[in-house]
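# I need the structure of the sequence given here:
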Amino acid sequence: MPRVTVVGAGVFGLTIALSLPRHYDVTIVARDMPGDPDSLGWASPWAGAGFGGGGTKPNDPEEMEMLKAAFRYFWTLSEEHPESSVKKMRDVFIRDNVDTDSDLWWKDFMPDYRIMDPSELPPASNAKIGITYTSLVLTPATYLAYLFSLLKASPNVSIVRSELSSLEQLVPSSSSSAGASPFGAVAPDVIVNASGVGAGSLVNDDLVEPVRGQTIVIRQPDVDHMTLRSGIDYCYVIPRGDGTVVIGGIKEHGKTSPEVDPEIRKDIAFRAHQLDPRVPSSVEALDVVRDIVGIRPGRRGGMRLEAEVLELGGGSVPVVHAYGAGGTGYALSPGVARRVAQMVDAFVMGDQFPHPRLSTRGTSAVLATEREEQKAGRCNVM
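Numbers count the residues shown, from 1 in each chain. The predicted structure follows:
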């Protein structure tokens, strides 16, 4: 069985592991995992999370296709797996800097899309144009637990809790018998690096940048649709379908303070009220469930999604990098996972990235692997 090690158990790592063929031997290595006590060490538990049409690079064709794939995946989950927490929901998208939708790639993709009459928009929303369509929302903790449960039930998946300082730790050293990796005596055939903001130190990526976010979860059952504003201001009201609503938010690049800023808290309430008058305009009037501070895994220039061969532990090891999605991790995750699975396959099959250790398996082994993939398949909605 091809051996693949996935570093990270956030939404990227879990979705990638779930998308790999069932006949692969998959190991997830992570410091933080679903169900752990609250920690700012990872971003996935703290998202909104609503599906938007934006990626990490403006109008990037590859990201557009990944977002489309992700939307189809989440749509299927909303209909077939309600335990995932994914729900269809009406969205109102407000632009406060332009009065056109001509530059929105998703205007011909999102269901029920239409430009709203100005009379339909909240008077204080500063809208130059309002658009409505059917979108999707989910509850991060529930969704992560759903993915994790599927992986724990998979006989080909093992989970190891460990904090890595280098990818070298995943590979046995060839210099001495005492240098065996704690993750096994044999190197993985492919490593998938989905380490989020940790990639800054794990692979020395200077472009990785933490982006601090702050939101408030409130009880407001009468809020029945999502509202997003972009342009000059950045704000959102995201009901989760269980009576709670996430209001936010901010993007503070390079900041990592875990403390709730009371002034930002007041501003969030005021701006959320502008978008949906059902949300009280003062913090004192909110029915607060909790305040959230999260550190998004940002990356200057956009997400890193690429494959390379690195010298690790005295040998060459294929590595696929998938990190740096910032606040779009959930929206991109299924599409990214499908693309990563293709990159891993290219290594294992030897089609695009020939690798000496893998190529010794020969044509018959490759054909057998292809037959097994057809038989076992991947997550059926990817």
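# contacts, neighbours, all on C-alpha from now
OK.
# helices and strands around whichever strand or helix holds L67, which ones?
Using DSSP states H and E, L67 maps to helix 61-80. Applying 3 or more CA pairs under 8 Å, 6 or more residues apart in numbering; DSSP states H and E, we find helix 61-80 packed against strand 87-95, helix 329-349.
# residues near M1, how many?
Neighbour count of M1, defined by other CA atoms under 10 Å: 11.
# correction: E83
So E83, with other CA under 10 Å, has 12 neighbours.
# in terms of contact, does it touch Y146 like I think?
Yes. Judged on CA atoms under 8 Å, E83 makes contact with Y146 at a distance of 7.2 Å.
# so where's the stretch 101-250 of the chain shaky on pLDDT?
174-182, 184-185 (pLDDT under 70).
# so which residues of the stretch 201-350 of the chain form helices?
Taking DSSP state H, counting those that start in this stretch to define them, one finds helices in the stretch 201-350 of the chain at 262-275, 329-349.
# using TSV, lay out those together with mean neighbour count.
Shown next, in TSV, are the helices of the stretch 201-350 of the chain (neighbours: other CA atoms under 10 Å):
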stretch	mean neighbour count
helix 262-275	19
helix 329-349	24
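# between those, which one is closest to H23.
With CA to CA, the closest approach to H23 among the helices of the stretch 201-350 of the chain belongs to helix 329-349: 12.0 Å.
# what secondary structure does G35 sit in?
Three-state assignment for G35 (DSSP: H, G, I helix; E, B strand; the rest coil): coil.
# report the contact partners of it.
Residues near G35 by CA atoms under 8 Å, 6 or more residues apart in numbering: A141, A145.
# and it, how far is that from F148?
9 Å (CA to CA, to the nearest Å).
# repeat that for V279.
33 Å.
# do the same with I131
Distance from I131 to F148, by CA to CA: 35 Å.
# those two: which is more packed in?
Set I131 next to F148 and count neighbours by other CA under 10 Å: F148 wins out with 23 against 20.
# and that one, helix, strand or coil?
helix.
# isn't it right up against P34?
Yes. F148 is within contact range of P34, at 7.0 Å (criterion: CA under 8 Å).
# on that earlier part again, which among the helices and strands packed on helix 61-80 is found nearest to R265?
Of all these, the one in closest proximity to R265, counting by CA to CA, is strand 87-95 (21.5 Å).
# who does the next helix or strand after that closest one pair up with?
Once strand 87-95 ends, the next helix or strand along the chain (criterion: DSSP H and E) is strand 114-115. Next to strand 114-115 in the sheet, as set by DSSP bridges, lie strand 129-137 (antiparallel).
# hmm, who's touching the strand it pairs with?
Strand 129-137 has contacts (CA under 8 Å, 6+ apart) with 49-52, 74-75, 85-96, 98-100, 110-118, 121, 238-240.
# returning to that earlier point: could you dump the helices and strands packed on helix 61-80 to CSV with mean pLDDT and distance to V4?
As requested, the helices and strands packed on helix 61-80 are exported to CSV (pLDDT from 0 to 100; distance: least, CA to CA, whole Å):
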stretch, mean pLDDT, distance to V4
strand 87-95, 96, 32
helix 329-349, 95, 8
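# which one of the ones you listed lies nearest to G248?
Minimum separation from G248 across those (CA to CA) falls at strand 87-95, 14.7 Å.
# ok and that closest one relative to helix 262-275, angle-wise?
With axes from the mean of the first three to the mean of the last three CA atoms, to 10 degrees as the basis, strand 87-95 and helix 262-275 are set at 90 degrees to each other.
# which strands or helices does strand 87-95 pack on?
Counting contacts by 3+ CA pairs under 8 Å, 6+ apart, strand 87-95 packs against helix 61-80, strand 129-137, strand 226-230.
# strand partners (parallel or antiparallel) of it?
By DSSP bridges, strand 87-95 pairs with strand 129-137 (antiparallel), strand 226-230 (parallel).
# contact partners of it?
75, 78, 125, 127-138, 224-231, 241.
# filter those to the buried ones?
75, 78, 125, 127, 129-138, 224-229, 241 (16 or more other CA atoms under 10 Å).
# contacting residues for D205?
Listed by CA under 8 Å, 6+ apart, the contact partners of D205 are A199.
# now it: how far from P123?
On the measure of CA to CA, D205 and P123 end up 45 Å apart.
# what do you get for I232?
17 Å.
# same deal with L67?
For L67, the distance to P123 - CA to CA - is 31 Å.
# do I268 as well
Separation of I268 from P123 (CA to CA) stands at 18 Å.
# got it, and L228?
For L228, the distance to P123 - CA to CA - is 15 Å.
# same thing with T76?
T76 is 35 Å from P123, by CA to CA.
# so those two - more neighbours on which side?
Of the pair T76 and P123, T76 is the one with more neighbours under other CA under 10 Å, namely 17 against 13.
# torsion angles phi and psi at the nearest residue to K107 once chain neighbours are set aside?
Leaving aside its chain neighbours, K107 sits nearest to Y113 (6.6 Å; criterion: CA to CA, 6 or more residues apart in numbering). Backbone torsions of Y113, given as degrees, to the nearest 10, read phi -70, psi 130.
# just to revisit the earlier point, hmm, which of the contacts of strand 129-137 are the buried ones?
49-52, 74-75, 85-96, 110, 113, 116, 121, 238-240.
# just to revisit the earlier point, pLDDT of the helix holding L67, averaged?
Helix 61-80 carries an average pLDDT of 96.
# could you export it as PDB, CA atoms only?
Written as PDB, here are the backbone C-alpha positions of helix 61-80 (Å, rounded to 0.1, in the frame of the first residue of the first chain):
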ATOM      1  CA  PRO A  61      -8.900  30.100 -12.500                       C
ATOM      2  CA  GLU A  62      -7.600  27.100 -10.400                       C
ATOM      3  CA  GLU A  63      -9.200  28.500  -7.200                       C
ATOM      4  CA  MET A  64     -12.500  29.200  -9.000                       C
ATOM      5  CA  GLU A  65     -12.700  25.500 -10.100                       C
ATOM      6  CA  MET A  66     -11.800  24.400  -6.600                       C
ATOM      7  CA  LEU A  67     -14.500  26.600  -5.100                       C
ATOM      8  CA  LYS A  68     -17.100  25.200  -7.500                       C
ATOM      9  CA  ALA A  69     -16.100  21.600  -6.600                       C
ATOM     10  CA  ALA A  70     -16.300  22.600  -2.900                       C
ATOM     11  CA  PHE A  71     -19.800  24.100  -3.400                       C
ATOM     12  CA  ARG A  72     -21.000  20.900  -5.000                       C
ATOM     13  CA  TYR A  73     -19.500  18.800  -2.200                       C
ATOM     14  CA  PHE A  74     -21.100  20.900   0.500                       C
ATOM     15  CA  TRP A  75     -24.500  21.000  -1.300                       C
ATOM     16  CA  THR A  76     -24.500  17.200  -1.300                       C
ATOM     17  CA  LEU A  77     -23.600  17.000   2.400                       C
ATOM     18  CA  SER A  78     -26.500  19.400   3.200                       C
ATOM     19  CA  GLU A  79     -29.000  17.000   1.500                       C
ATOM     20  CA  GLU A  80     -27.500  13.600   2.500                       C
END
